[in-house]
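Asks: Just the structure for this:
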Amino acid sequence: MVEVIFLILLILVFRTLFLKYHDRLLKYGISLQQKKKEEFNQFLLKIPRYAHSQDLLKDTVTHLQNYFEAQPVWVVLESLPETESLLPSELDDQLLSELWNTPEIIWSRNKELSPRKLNGNAEQLIISAGVGLAFPFRMTHGKSGVLLVGRKKRGVFNLEEVDQLKRIVLQIKLSLDILYLLENEKLLMQKTMEANMTALRSQINPHFLFNTLNTIAALIHESPEMAEKAVENLAFIFRYTLKTSGENFVTIGNELTLVGKYLEIEQFRFGEHLSVELSIQPGCEDVLIPALVIQTLVENCIKHGIAKILENGIIKIIVRASENIMTVTVEDNGPGIRSDRITKGTGLNNIHSRLHSLYDVPDILIFENTGNGTKVTLHIPIRRNEK
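Replies: From the prediction side, this is the model:
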(Lines give C-alpha, C1' and ligand atoms only; values in the text may rest on other atoms or scores of the structure.)
Protein backbone atom coordinates (compact mmCIF):
# COMPACT_ATOMS: atom_id res chain seq x y z
CA MET A 1 0.00 0.00 0.00
CA VAL A 2 2.84 2.37 0.88
CA GLU A 3 4.51 1.66 -2.48
CA VAL A 4 1.32 2.51 -4.38
CA ILE A 5 0.89 5.80 -2.49
CA PHE A 6 4.57 6.67 -3.16
CA LEU A 7 4.16 5.90 -6.88
CA ILE A 8 1.01 8.08 -7.09
CA LEU A 9 2.83 10.96 -5.36
CA LEU A 10 5.80 10.57 -7.72
CA ILE A 11 3.50 10.70 -10.76
CA LEU A 12 1.80 13.82 -9.41
CA VAL A 13 5.16 15.52 -8.83
CA PHE A 14 6.32 14.73 -12.37
CA ARG A 15 2.99 15.90 -13.78
CA THR A 16 3.23 19.18 -11.88
CA LEU A 17 6.80 19.77 -13.04
CA PHE A 18 5.89 18.92 -16.63
CA LEU A 19 2.94 21.33 -16.64
CA LYS A 20 5.01 24.04 -15.03
CA TYR A 21 7.98 23.78 -17.44
CA HIS A 22 6.10 22.52 -20.49
CA ASP A 23 6.56 25.70 -22.54
CA ARG A 24 10.25 25.92 -21.69
CA LEU A 25 10.87 22.28 -22.59
CA LEU A 26 8.94 22.72 -25.83
CA LYS A 27 10.95 25.80 -26.76
CA TYR A 28 14.17 23.96 -25.95
CA GLY A 29 13.19 21.06 -28.22
CA ILE A 30 12.13 23.40 -31.02
CA SER A 31 15.30 25.50 -30.70
CA LEU A 32 17.49 22.38 -30.99
CA GLN A 33 15.61 21.24 -34.08
CA GLN A 34 15.71 24.74 -35.55
CA LYS A 35 19.45 24.93 -34.93
CA LYS A 36 20.00 21.59 -36.69
CA LYS A 37 17.89 22.77 -39.62
CA GLU A 38 19.82 26.05 -39.91
CA GLU A 39 23.16 24.22 -39.81
CA PHE A 40 21.97 21.83 -42.50
CA ASN A 41 20.71 24.66 -44.71
CA GLN A 42 24.09 26.38 -44.35
CA PHE A 43 25.76 23.18 -45.51
CA LEU A 44 23.46 23.00 -48.57
CA LEU A 45 24.44 26.57 -49.52
CA LYS A 46 28.10 25.67 -49.06
CA ILE A 47 28.06 22.61 -51.37
CA PRO A 48 28.86 24.55 -54.63
CA ARG A 49 31.86 26.21 -52.94
CA TYR A 50 33.78 23.03 -52.08
CA ALA A 51 37.24 22.78 -53.65
CA HIS A 52 37.91 19.07 -53.04
CA SER A 53 35.59 16.11 -53.59
CA GLN A 54 36.86 14.23 -50.52
CA ASP A 55 35.96 17.15 -48.24
CA LEU A 56 32.50 17.36 -49.81
CA LEU A 57 31.83 13.64 -49.30
CA LYS A 58 33.07 13.69 -45.70
CA ASP A 59 30.93 16.68 -44.72
CA THR A 60 27.90 15.26 -46.55
CA VAL A 61 28.04 12.10 -44.44
CA THR A 62 28.41 14.09 -41.20
CA HIS A 63 25.52 16.49 -41.91
CA LEU A 64 23.15 13.78 -43.11
CA GLN A 65 23.85 11.74 -39.98
CA ASN A 66 23.20 14.73 -37.73
CA TYR A 67 20.15 16.12 -39.49
CA PHE A 68 18.24 12.92 -40.23
CA GLU A 69 19.67 11.09 -37.20
CA ALA A 70 20.42 8.17 -39.49
CA GLN A 71 23.14 5.56 -39.06
CA PRO A 72 25.11 4.63 -41.04
CA VAL A 73 25.55 6.98 -44.03
CA TRP A 74 27.97 6.40 -46.92
CA VAL A 75 28.68 8.18 -50.21
CA VAL A 76 30.55 5.87 -52.58
CA LEU A 77 32.12 6.98 -55.87
CA GLU A 78 33.30 4.61 -58.56
CA SER A 79 36.26 6.87 -59.30
CA LEU A 80 37.38 6.91 -55.65
CA PRO A 81 38.04 3.33 -54.47
CA GLU A 82 38.95 4.61 -51.01
CA THR A 83 35.28 5.48 -50.45
CA GLU A 84 34.47 1.77 -50.71
CA SER A 85 36.99 0.83 -48.01
CA LEU A 86 34.61 2.02 -45.26
CA LEU A 87 31.73 -0.17 -46.43
CA PRO A 88 30.79 -3.47 -44.75
CA SER A 89 31.68 -6.64 -46.62
CA GLU A 90 28.03 -7.27 -47.55
CA LEU A 91 28.15 -4.32 -49.94
CA ASP A 92 30.47 -5.87 -52.51
CA ASP A 93 31.30 -4.53 -55.98
CA GLN A 94 28.61 -6.65 -57.62
CA LEU A 95 25.87 -5.16 -55.45
CA LEU A 96 27.17 -1.62 -56.05
CA SER A 97 27.33 -2.28 -59.79
CA GLU A 98 23.69 -3.36 -59.79
CA LEU A 99 22.72 -0.10 -58.09
CA TRP A 100 24.84 1.90 -60.54
CA ASN A 101 23.40 0.12 -63.59
CA THR A 102 20.08 1.88 -63.04
CA PRO A 103 20.99 5.39 -61.83
CA GLU A 104 18.35 7.86 -60.65
CA ILE A 105 16.09 4.97 -59.48
CA ILE A 106 16.22 4.79 -55.71
CA TRP A 107 16.04 1.62 -53.62
CA SER A 108 14.20 1.56 -50.31
CA ARG A 109 13.75 -1.07 -47.66
CA ASN A 110 10.24 0.33 -47.30
CA LYS A 111 8.64 -0.62 -50.63
CA GLU A 112 5.97 2.06 -50.16
CA LEU A 113 8.73 4.64 -50.80
CA SER A 114 10.17 2.76 -53.79
CA PRO A 115 9.08 -0.59 -55.23
CA ARG A 116 12.50 -1.32 -56.73
CA LYS A 117 13.88 -4.80 -55.94
CA LEU A 118 17.44 -6.02 -56.35
CA ASN A 119 18.32 -9.29 -58.05
CA GLY A 120 19.19 -12.56 -56.31
CA ASN A 121 20.34 -12.25 -52.69
CA ALA A 122 21.40 -8.60 -53.16
CA GLU A 123 18.17 -7.46 -51.49
CA GLN A 124 18.97 -9.38 -48.31
CA LEU A 125 22.63 -8.32 -48.36
CA ILE A 126 21.86 -4.60 -48.52
CA ILE A 127 19.31 -4.94 -45.72
CA SER A 128 21.75 -6.89 -43.52
CA ALA A 129 24.32 -4.10 -44.02
CA GLY A 130 21.87 -1.70 -42.33
CA VAL A 131 20.95 0.29 -45.42
CA GLY A 132 17.44 1.77 -45.53
CA LEU A 133 17.71 3.95 -48.65
CA ALA A 134 20.01 3.94 -51.68
CA PHE A 135 20.24 6.84 -54.14
CA PRO A 136 22.39 5.86 -57.17
CA PHE A 137 23.52 8.56 -59.60
CA ARG A 138 25.76 8.94 -62.64
CA MET A 139 28.02 11.91 -63.25
CA THR A 140 28.56 13.69 -66.56
CA HIS A 141 31.97 12.10 -67.15
CA GLY A 142 30.42 8.60 -66.90
CA LYS A 143 31.49 7.58 -63.38
CA SER A 144 28.81 6.40 -60.96
CA GLY A 145 28.07 7.02 -57.31
CA VAL A 146 25.54 6.12 -54.66
CA LEU A 147 24.30 7.63 -51.40
CA LEU A 148 23.49 4.92 -48.83
CA VAL A 149 21.44 5.92 -45.79
CA GLY A 150 20.77 3.71 -42.77
CA ARG A 151 17.79 3.65 -40.44
CA LYS A 152 16.62 6.73 -38.60
CA LYS A 153 17.08 6.85 -34.85
CA ARG A 154 13.41 7.72 -34.41
CA GLY A 155 10.60 6.78 -36.76
CA VAL A 156 10.94 6.03 -40.46
CA PHE A 157 11.65 8.06 -43.58
CA ASN A 158 8.67 9.65 -45.31
CA LEU A 159 8.12 10.79 -48.89
CA GLU A 160 8.99 14.41 -48.10
CA GLU A 161 12.36 13.37 -46.64
CA VAL A 162 13.04 11.10 -49.62
CA ASP A 163 12.38 14.03 -51.99
CA GLN A 164 14.71 16.19 -49.90
CA LEU A 165 17.44 13.54 -50.11
CA LYS A 166 16.94 13.35 -53.89
CA ARG A 167 17.54 17.10 -54.17
CA ILE A 168 20.66 16.80 -52.01
CA VAL A 169 22.01 14.00 -54.22
CA LEU A 170 21.41 16.17 -57.30
CA GLN A 171 23.34 19.07 -55.71
CA ILE A 172 26.21 16.77 -54.77
CA LYS A 173 26.29 15.27 -58.28
CA LEU A 174 26.47 18.70 -59.92
CA SER A 175 29.25 19.81 -57.56
CA LEU A 176 31.20 16.59 -58.15
CA ASP A 177 30.89 17.14 -61.91
CA ILE A 178 32.39 20.61 -61.55
CA LEU A 179 35.13 19.38 -59.19
CA TYR A 180 36.01 16.61 -61.64
CA LEU A 181 36.47 19.17 -64.42
CA LEU A 182 38.56 21.40 -62.14
CA GLU A 183 40.72 18.48 -61.00
CA ASN A 184 41.24 17.43 -64.63
CA GLU A 185 42.20 20.99 -65.54
CA LYS A 186 44.62 21.08 -62.61
CA LEU A 187 46.17 17.79 -63.79
CA LEU A 188 46.59 19.19 -67.30
CA MET A 189 48.18 22.33 -65.87
CA GLN A 190 50.55 20.16 -63.84
CA LYS A 191 51.55 18.23 -66.96
CA THR A 192 52.03 21.50 -68.84
CA MET A 193 54.19 22.82 -66.02
CA GLU A 194 56.31 19.67 -66.06
CA ALA A 195 56.70 19.97 -69.83
CA ASN A 196 57.76 23.61 -69.41
CA MET A 197 60.24 22.51 -66.77
CA THR A 198 61.73 19.93 -69.13
CA ALA A 199 61.93 22.52 -71.90
CA LEU A 200 63.59 24.99 -69.53
CA ARG A 201 66.23 22.46 -68.48
CA SER A 202 66.86 21.57 -72.12
CA GLN A 203 67.30 25.26 -72.87
CA ILE A 204 69.65 25.95 -69.95
CA ASN A 205 72.00 23.01 -70.35
CA PRO A 206 73.28 23.87 -73.87
CA HIS A 207 73.61 27.53 -72.83
CA PHE A 208 75.83 26.54 -69.91
CA LEU A 209 77.76 24.09 -72.00
CA PHE A 210 78.70 26.25 -74.99
CA ASN A 211 79.43 29.44 -73.07
CA THR A 212 81.46 27.65 -70.43
CA LEU A 213 83.44 25.60 -72.95
CA ASN A 214 84.39 28.83 -74.72
CA THR A 215 85.43 30.34 -71.38
CA ILE A 216 87.46 27.24 -70.44
CA ALA A 217 89.17 27.19 -73.83
CA ALA A 218 90.26 30.81 -73.31
CA LEU A 219 91.50 30.11 -69.75
CA ILE A 220 93.42 26.87 -70.30
CA HIS A 221 96.67 28.62 -71.28
CA GLU A 222 96.19 31.91 -69.39
CA SER A 223 95.01 30.48 -66.05
CA PRO A 224 94.85 26.69 -65.71
CA GLU A 225 93.60 27.01 -62.12
CA MET A 226 90.62 29.13 -63.19
CA ALA A 227 89.93 26.74 -66.08
CA GLU A 228 89.94 23.80 -63.64
CA LYS A 229 87.56 25.68 -61.32
CA ALA A 230 85.26 26.43 -64.27
CA VAL A 231 85.17 22.71 -65.15
CA GLU A 232 84.30 21.85 -61.52
CA ASN A 233 81.50 24.41 -61.50
CA LEU A 234 80.15 23.13 -64.80
CA ALA A 235 80.17 19.56 -63.45
CA PHE A 236 78.32 20.74 -60.33
CA ILE A 237 75.67 22.49 -62.45
CA PHE A 238 75.01 19.39 -64.54
CA ARG A 239 74.89 17.13 -61.47
CA TYR A 240 72.47 19.53 -59.81
CA THR A 241 70.25 19.69 -62.91
CA LEU A 242 70.15 15.89 -63.19
CA LYS A 243 69.52 15.45 -59.46
CA THR A 244 66.56 17.84 -59.46
CA SER A 245 65.18 16.69 -62.83
CA GLY A 246 62.19 15.07 -61.12
CA GLU A 247 61.62 17.84 -58.59
CA ASN A 248 59.55 20.96 -59.09
CA PHE A 249 60.70 22.58 -55.84
CA VAL A 250 64.13 23.10 -54.26
CA THR A 251 65.28 25.08 -51.25
CA ILE A 252 66.46 28.66 -51.60
CA GLY A 253 69.83 27.56 -50.20
CA ASN A 254 70.34 24.94 -52.93
CA GLU A 255 69.09 27.26 -55.68
CA LEU A 256 71.48 30.03 -54.61
CA THR A 257 74.37 27.54 -54.54
CA LEU A 258 73.58 26.75 -58.17
CA VAL A 259 73.36 30.46 -59.00
CA GLY A 260 76.70 31.04 -57.26
CA LYS A 261 78.41 28.38 -59.38
CA TYR A 262 76.90 29.87 -62.54
CA LEU A 263 77.99 33.41 -61.63
CA GLU A 264 81.54 32.22 -60.86
CA ILE A 265 81.75 30.89 -64.42
CA GLU A 266 80.45 34.20 -65.78
CA GLN A 267 82.99 36.07 -63.64
CA PHE A 268 85.74 34.01 -65.31
CA ARG A 269 84.27 35.19 -68.61
CA PHE A 270 83.80 38.87 -67.77
CA GLY A 271 86.68 39.19 -65.32
CA GLU A 272 86.63 42.36 -63.25
CA HIS A 273 83.75 43.72 -65.34
CA LEU A 274 81.25 41.66 -63.32
CA SER A 275 80.62 41.89 -59.59
CA VAL A 276 77.96 40.08 -57.56
CA GLU A 277 76.16 41.29 -54.43
CA LEU A 278 74.18 38.68 -52.50
CA SER A 279 72.06 39.40 -49.42
CA ILE A 280 69.92 36.65 -47.89
CA GLN A 281 67.98 37.05 -44.69
CA PRO A 282 68.89 34.38 -42.10
CA GLY A 283 66.26 31.65 -41.86
CA CYS A 284 65.28 31.77 -45.54
CA GLU A 285 67.62 29.00 -46.68
CA ASP A 286 65.08 26.16 -46.20
CA VAL A 287 62.17 27.95 -47.91
CA LEU A 288 61.01 26.02 -50.99
CA ILE A 289 61.00 27.70 -54.40
CA PRO A 290 60.25 26.41 -57.92
CA ALA A 291 63.47 24.98 -59.32
CA LEU A 292 65.61 27.13 -61.66
CA VAL A 293 63.47 30.27 -61.29
CA ILE A 294 66.22 32.42 -59.73
CA GLN A 295 68.77 30.82 -62.03
CA THR A 296 66.76 31.79 -65.12
CA LEU A 297 66.27 35.36 -63.88
CA VAL A 298 70.02 35.75 -63.21
CA GLU A 299 70.88 34.23 -66.59
CA ASN A 300 68.50 36.69 -68.24
CA CYS A 301 70.28 39.58 -66.46
CA ILE A 302 73.65 38.38 -67.78
CA LYS A 303 72.50 37.67 -71.33
CA HIS A 304 70.33 40.75 -71.92
CA GLY A 305 71.86 43.14 -69.40
CA ILE A 306 75.52 42.79 -68.44
CA ALA A 307 76.63 41.40 -71.81
CA LYS A 308 75.31 44.52 -73.59
CA ILE A 309 77.15 47.22 -71.62
CA LEU A 310 80.79 48.38 -71.71
CA GLU A 311 81.06 49.52 -68.10
CA ASN A 312 81.37 47.24 -65.10
CA GLY A 313 78.33 45.06 -64.56
CA ILE A 314 76.64 44.47 -61.22
CA ILE A 315 74.22 41.68 -60.29
CA LYS A 316 72.31 42.09 -57.01
CA ILE A 317 70.31 39.26 -55.43
CA ILE A 318 68.29 40.01 -52.30
CA VAL A 319 66.16 37.47 -50.38
CA ARG A 320 63.81 38.64 -47.64
CA ALA A 321 60.89 37.11 -45.72
CA SER A 322 57.92 39.04 -44.32
CA GLU A 323 55.11 37.19 -42.52
CA ASN A 324 54.02 34.46 -44.98
CA ILE A 325 55.60 35.90 -48.14
CA MET A 326 59.17 35.55 -49.35
CA THR A 327 60.53 38.24 -51.67
CA VAL A 328 63.41 37.61 -54.06
CA THR A 329 64.85 40.57 -55.97
CA VAL A 330 67.27 40.19 -58.89
CA GLU A 331 68.70 43.42 -60.31
CA ASP A 332 71.29 44.39 -62.91
CA ASN A 333 72.72 47.66 -64.23
CA GLY A 334 72.24 46.84 -67.91
CA PRO A 335 70.26 48.79 -70.51
CA GLY A 336 66.92 47.85 -68.94
CA ILE A 337 64.39 45.33 -70.14
CA ARG A 338 61.90 46.17 -72.88
CA SER A 339 58.27 45.31 -72.20
CA ASP A 340 58.08 43.03 -75.26
CA ARG A 341 61.03 40.95 -73.95
CA ILE A 342 58.93 39.73 -71.01
CA THR A 343 56.50 37.88 -73.27
CA LYS A 344 58.92 36.87 -76.05
CA GLY A 345 61.61 35.18 -73.99
CA THR A 346 61.14 31.39 -73.76
CA GLY A 347 62.67 31.18 -70.30
CA LEU A 348 60.59 34.06 -68.94
CA ASN A 349 57.43 32.63 -70.50
CA ASN A 350 58.11 29.30 -68.80
CA ILE A 351 58.59 31.02 -65.46
CA HIS A 352 55.33 32.95 -65.84
CA SER A 353 53.28 29.84 -66.68
CA ARG A 354 54.88 27.74 -63.93
CA LEU A 355 54.40 30.34 -61.22
CA HIS A 356 50.77 31.04 -62.11
CA SER A 357 49.97 27.31 -62.18
CA LEU A 358 51.59 26.83 -58.75
CA TYR A 359 50.36 29.92 -56.90
CA ASP A 360 47.13 31.87 -56.87
CA VAL A 361 48.91 35.15 -56.08
CA PRO A 362 48.49 38.42 -58.03
CA ASP A 363 51.65 40.23 -59.17
CA ILE A 364 53.79 37.22 -58.30
CA LEU A 365 56.53 38.31 -60.73
CA ILE A 366 57.17 42.00 -61.44
CA PHE A 367 59.61 43.33 -64.07
CA GLU A 368 60.75 46.93 -63.84
CA ASN A 369 62.99 49.08 -66.01
CA THR A 370 64.61 51.28 -63.36
CA GLY A 371 66.37 53.56 -65.86
CA ASN A 372 69.65 52.13 -64.57
CA GLY A 373 68.93 48.51 -65.43
CA THR A 374 66.35 45.79 -64.86
CA LYS A 375 64.82 44.86 -61.52
CA VAL A 376 62.78 41.67 -61.13
CA THR A 377 60.80 41.03 -57.93
CA LEU A 378 59.34 37.64 -57.06
CA HIS A 379 56.74 37.25 -54.28
CA ILE A 380 55.83 33.68 -53.28
CA PRO A 381 54.06 32.18 -50.25
CA ILE A 382 56.47 30.66 -47.74
CA ARG A 383 56.57 26.87 -47.64
CA ARG A 384 59.47 25.28 -45.81
CA ASN A 385 61.28 22.06 -46.51
CA GLU A 386 60.02 19.43 -44.04
CA LYS A 387 62.74 16.89 -44.74
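Asks: all helices for this structure, in order.
Replies: With DSSP state H as the definition, the chain shows helices at residue ranges 2-46, 53-68, 93-101, 122-128, 159-222, 224-243, 252-270, 293-304, 339-344, 346-358.
Asks: buried ones in the second one?
Replies: Applying a neighbour-count criterion of 16 or more other C-beta atoms under 10 Å, one finds 53, 56, 57, 60, 61, 63, 64, 65, 67, 68 buried in helix 53-68. The way it works is simple: take the backbone N, C-alpha and C, and place the C-beta from them, glycine included.
Asks: hang on, the third one packs against residue 77?
Replies: Going back to what we said before, that points to residue 57. Yes - between residue 57 and residue 77 there is a contact under C-beta atoms under 8 Å: 7.3 Å.
Asks: Common neighbours of the two, please.
Replies: residue 83 (C-beta atoms under 8 Å, 6 or more residues apart in numbering).
Asks: For residue 257, give me its contacts.
Replies: Residue 257 touches residue 240, counting by C-beta under 8 Å, 6+ apart.
Asks: Point out where the stretch 151-300 of the chain drops to low pLDDT.
Replies: 182-209, 211, 245-246 (pLDDT under 70).
Asks: What of the stretch 1-150 of the chain?
Replies: Across the stretch 1-150 of the chain (using pLDDT under 70), the flagged ranges come out as 1-33, 82, 84-85.
Asks: Of the buried residues of helix 53-68, just say which sits nearest to residue 329.
Replies: Closest approach between those and residue 329, by C-beta to C-beta: residue 53, at 39.7 Å.
Asks: Pull up the gap between the closest residue to the closest one other than its chain neighbours and residue 49, please.
Replies: Ranked by C-beta to C-beta, 6 or more residues apart in numbering and with sequence neighbours excluded, the top spatial neighbour of residue 53 is residue 179, at 4.8 Å. Computed with C-beta to C-beta, to the nearest Å, the distance linking residue 179 and residue 49 is 11 Å.
Asks: Those two: who's more crowded?
Replies: residue 179 (18 against 8; other C-beta atoms under 10 Å).
Asks: about what we covered before: need the buried residues of helix 53-68 in a markdown table (columns: distance to residue 166).
Replies: Formatted as a markdown table, the buried residues of helix 53-68 follow (distance: C-beta to C-beta, whole Å):
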| residue | distance to residue 166 |
| --- | --- |
| 53 | 20 |
| 56 | 18 |
| 57 | 18 |
| 60 | 14 |
| 61 | 17 |
| 63 | 16 |
| 64 | 13 |
| 65 | 18 |
| 67 | 15 |
| 68 | 13 |
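Asks: And the furthest pair within the residues you listed?
Replies: The largest separation in those, counting by C-beta to C-beta, is between 53 and 68 at 22.0 Å.
Asks: Isn't residue 145 up against residue 170?
Replies: No - Residue 145 is beyond contact range of residue 170, at 11.8 Å (criterion: C-beta under 8 Å).
Asks: Need the overlap of contacts for those two.
Replies: Joint contacts of residue 145 and residue 170 (C-beta under 8 Å, 6+ apart) are residue 137.
Asks: ok, now which ones touch residue 146?
Replies: 75, 76, 96, 99, 100, 134, 135, 136, 137.
Asks: Which single one of those residues is nearest to residue 110?
Replies: For the contacts of residue 146, the nearest to residue 110 is residue 134 (12.1 Å; C-beta to C-beta).
Asks: What is the neighbour count of the nearest residue to the closest one once chain neighbours are set aside?
Replies: Closest residue to residue 134 apart from its sequence neighbours, by C-beta to C-beta, 6+ apart: residue 107 at 4.1 Å. Using other C-beta under 10 Å, residue 107 is surrounded by 25 other residues.
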